[in-house]
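Enquirer: just to be clear, the model below is a prediction. Sequence and coordinates:
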Amino acid sequence: MKNSPALSLRIPEPRFRPGDTVDFSNLNIPEAGVAPRPPIDVSAKETRDLAYGLIRVLDKEDRAVGAWDPKLDIAMLKRGLEAMMLTRAYDDRMYRAQRQGKTSFYMKCTGEEAVAVAQSMVLHRDDMCFPTYRQQGILIARGYPLVDMMNQVYSNAADPMKGRQLPVMYSSKDYGFFSISGNLGTQFSQAVGWAMGSAYKGDDKIAAGYIGDGSTAEGDFHHALTFASVYRAPVILNIVNNQWAISSFHGIAGGEDAPFASRAIGYNLPGLRVDGNDFLAVYAATQWAAERARANLGATVIELFTYRAEGHSTSDDPARYRPAEEAKGWPLGDPIERLNRHLIALGVWSDAEQDALHKEVVEEVRAAAKEAEKNGTLSEGKRPSVETMFDDVYKEQPWHIRRQAEELAALS
Amino acid sequence: MSAPWSEVIDPDMDADTEVIPRMNMIQALNSAMDVMLAKDPNVLIFGEDVGYFGGVFRATEGLQKKYGLNRCFDTPITESGLIGAAIGMGAYGLRPVVEIQFADYIYPAYDQLVSEAARLRYRSAGDFWAPLTVRSPYGGGIFGGQTHSQSVEALFTHVAGLKVVIPSNPYDAKGLLISAIEDDDPVMFFEPKRLYNAPFDGRPETQVVPWAKHPLSAVPQGYYNVPLGKAKTVRAGEAVTVLAYGAMVHVALQAALESGVDAEVIDLRTLVPLDIDAITQSVEKTGRCVIVHEATRTSGFGAELSALVQEHCFYHLEAPIERVTGWDTPYPHAFEWEYFPGPARVVAALRRAIGA
């Protein structure tokens, strides 16, 4: 006789769908300042509470508190604020450009600006970031010309990628920004390999890999953590948990029952779970991981707990799968607003200065867009030279590609 | 009856070289890696079981001991992971030479090879590239069943951005591998494992003659290269052109011998970029063409060769182009020799091609 219940399949579902009232009160958010900051040679298993907790620095009164306060000077804080604001203004402009038909596609990082900006300020320019498509803040924080980013998005005559890549798939070796693939997860193990290269050569450069919460389900995540652990690679493995993979919530990638940072422990890598909307916490955690990597102590996994405030890309409408007010209800707020309030709390900043800076960055982006559009947009004006379409497949063009170039040229 | 390789012409060898050691293909590959590890500190070797043990086919034997752990080491069993790491290292400025233990195991790495290694230079407009060499034993004739016998080359010749190289003898194996390692593009280097220890004419009942008896086992110990993209005519003939690579070169020579057909046998050596001039010159002369490979027929590399021959030589052709290939089935363990395209099938194709 069978007395056990029938088996049932669990299909995870997010707590809120369109029409539901958003209530994040169930979310366990520890107070700022309570997480201990261990020495960089801590053993992986001693980071368990950090992997399951949440490192936060900015408290309710907008003060920086606790052991993780990186104690940045005012100039650094203002630099961070400006880079985040510039990133947001850039995103807004390019999003509109897509809506105006000037390009085919765009992806914003709204709400996640602290991740890329704070991290790129910690890392050296000759370290290598292996970003996903939502870390444009790295280039912006490092002063890469906005015009060149726009040229790429427009696939115009001055596009540094010569019109070969989907918009936002930037590449710049000079700025420590590896060519973005668009295939999810693949670059996680490449970041580890790059870091192994630095260690092999006895250099002091480190790498930073990026993967989304959804893509942690890819095998590449496992490959990267295995290699990073086995070969003690000087790399920071960042999981940007923005809660949503297009329309699938993080629970579909297994993030509900155990935080993504906790994956690290089984690989004997320290795992840090960080308030990704807290500029200071992101900075401090990255600094800790970078010091560890440079001290030849190996890799660190950082889960940046944030929220994708807008759609995945210009190709989806998030109101179709989550409540429109969910972003506003996100209990960890907005990274720009929080850093702004912190500077005000420090007595070195004001709302008026914030407004002025906002106008300044919007104008900077506007001027850059004007400049970029002189080189054409996807819909009109100059394009990259079509002959270059056949270059760079190989270092030297083989005969069969040369013939195809001639075949195309003969049509014109 | 003389052995087919006694008809080898122009073996690319320097007759003045003093004492040239005899090497089988494994030893020649090992020697290539040895030479390159000594020559270039940016060359490093890794893969499953390649370190202390020296690889399941012994291709990396002794290299870890000679050059140290950093230069030749074992990896976890993750083909995708090790290719991903190699791409990162290549982008750093190293020249990784990785082994995929069997070509049959390469599929987990396909995404890294196709979407990443092959595309990196193009998508970054030359900003980044990954000069990695992927060595992998392929092909049948060893009773390896369907997971140790496959010929996967066409999956890679189809990918813009990859080069594909297949040697047929120890001399070429070393020279081509050195060229592959020095090449700034990703190179897929497939090694016909049936030829590792001896040539093989496709007749399993024949007594194995070791490489030492073959002229192309005379392999200089030091540095030399065989350029990529250059085919080699291994038997001159007038009646029909045979295009082959890997183990099939030896099968084709045996078939020419057995059939008495005056075949011109071309060892392609590099599939991408292909030496189209060598092919067209020969087919324009003979007017007939037989293509031989171990891989399955449909969408195999023979299909590309056949298309190219008709595009380039249509008005010289006097007979339909013949393809002798593996059958369109997985490689069956019990039917090794019914599956493996041996000399009997090539002989029949040669006769059809000349209308005999």
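Expert: Great, that's in hand.
Enquirer: for the rest of this, base every contact and every neighbour count on C-alpha atoms.
Expert: Noted.
Enquirer: adjacent strands (with direction) for the longest strand anywhere in chain B?
Expert: Longest strand in chain B, counting residues (DSSP state E): strand B:289-296. Paired strands of strand B:289-296, with direction, are strand B:240-244 (parallel), strand B:322-326 (parallel) (DSSP bridges).
Enquirer: all strands for chain A, in order.
Expert: A:128-130, A:207-212, A:235-241, A:244-245, A:248-249, A:271-275, A:300-305.
Enquirer: repeat for the stretch 51-200 of chain B
Expert: B:72-74, B:95-99, B:133-138, B:163-165, B:187-192 (DSSP state E, counting those that start in this stretch).
Enquirer: any idea which residue is closest to the centre of chain A?
Expert: Chain A has residue A:135 as the residue nearest its centroid, 3.6 Å off, counting by C-alpha atoms, centre = their mean.
Enquirer: hang on, that residue packs against residue A:119?
Expert: No. Contact between residue A:135 and residue A:119 fails when scored by C-alpha atoms under 8 Å: they sit 9.9 Å apart.
Enquirer: need the contact list for whichever residue of the stretch 101-250 of chain A sits closest to chain B.
Expert: Here the residue of the stretch 101-250 of chain A nearest chain B is residue A:193; by C-alpha to the nearest C-alpha that distance is 3.7 Å. Neighbour list for residue A:193: A:233, B:84, B:85, B:86, B:87, B:88, B:89 [criterion: C-alpha atoms under 8 Å, 6 or more residues apart in numbering or on different chains].
Enquirer: same question for residue B:20.
Expert: Going by C-alpha under 8 Å, 6+ apart, residue B:20 touches B:218, B:219, B:220, B:221.
Enquirer: relative to residue A:186, how far out is the last one?
Expert: By that I understand residue B:221. 39 Å (C-alpha to C-alpha, to the nearest Å).
Enquirer: possible to save the strands of the stretch 51-200 of chain B as TSV with mean pLDDT, mean neighbour count and distance to residue B:315?
Expert: Shown next, in TSV, are those (pLDDT from 0 to 100; neighbours: other C-alpha atoms under 10 Å in any protein chain shown; distance: least, C-alpha to C-alpha, whole Å):
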stretch	mean pLDDT	mean neighbour count	distance to residue B:315
strand B:72-74	98	23	52
strand B:95-99	98	27	43
strand B:133-138	98	25	36
strand B:163-165	98	26	29
strand B:187-192	98	26	34
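Enquirer: make a markdown table from those strands and add distance to chain A to it.
Expert: Shown next, in a markdown table, are the strands of the stretch 51-200 of chain B (distance: least, C-alpha to the nearest C-alpha, whole Å):
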| stretch | distance to chain A |
| --- | --- |
| strand B:72-74 | 11 |
| strand B:95-99 | 10 |
| strand B:133-138 | 14 |
| strand B:163-165 | 9 |
| strand B:187-192 | 11 |
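Enquirer: name the nearest residue to the closest residue to chain A within the stretch 151-300 of chain B, sequence neighbours excluded.
Expert: Closest contact between the stretch 151-300 of chain B and chain A, by C-alpha to the nearest C-alpha, is at residue B:161 (5.1 Å). Once flanking residues are discounted, residue B:161 sits nearest to residue B:118: 4.3 Å by C-alpha to C-alpha, 6 or more residues apart in numbering or on different chains.
Enquirer: buried ones in stretch B:105-120, by neighbour count?
Expert: B:105-106, B:109-120 (16 or more other C-alpha atoms under 10 Å in any protein chain shown).
Enquirer: what do you get for stretch A:114-134?
Expert: Buried residues in stretch A:114-134 (16+ other C-alpha under 10 Å): A:114-125, A:127-134.
Enquirer: can you tell if it touches chain B?
Expert: No. Judged by C-alpha under 8 Å from any C-alpha of the partner chain, stretch A:114-134 stays clear of chain B, getting no closer than 9.2 Å.
Enquirer: next, the distance between the ends of that stretch.
Expert: Using C-alpha to C-alpha, the two ends of stretch A:114-134 sit 11 Å apart.
Enquirer: what's the answer for stretch B:151-161, then?
Expert: 20 Å.
Enquirer: what are the contacting residues of that stretch?
Expert: A:393-394, B:103-104, B:114, B:117-119, B:138-140, B:162-164, B:185-186, B:188, B:190, B:271-272, B:294-296, B:299-301.
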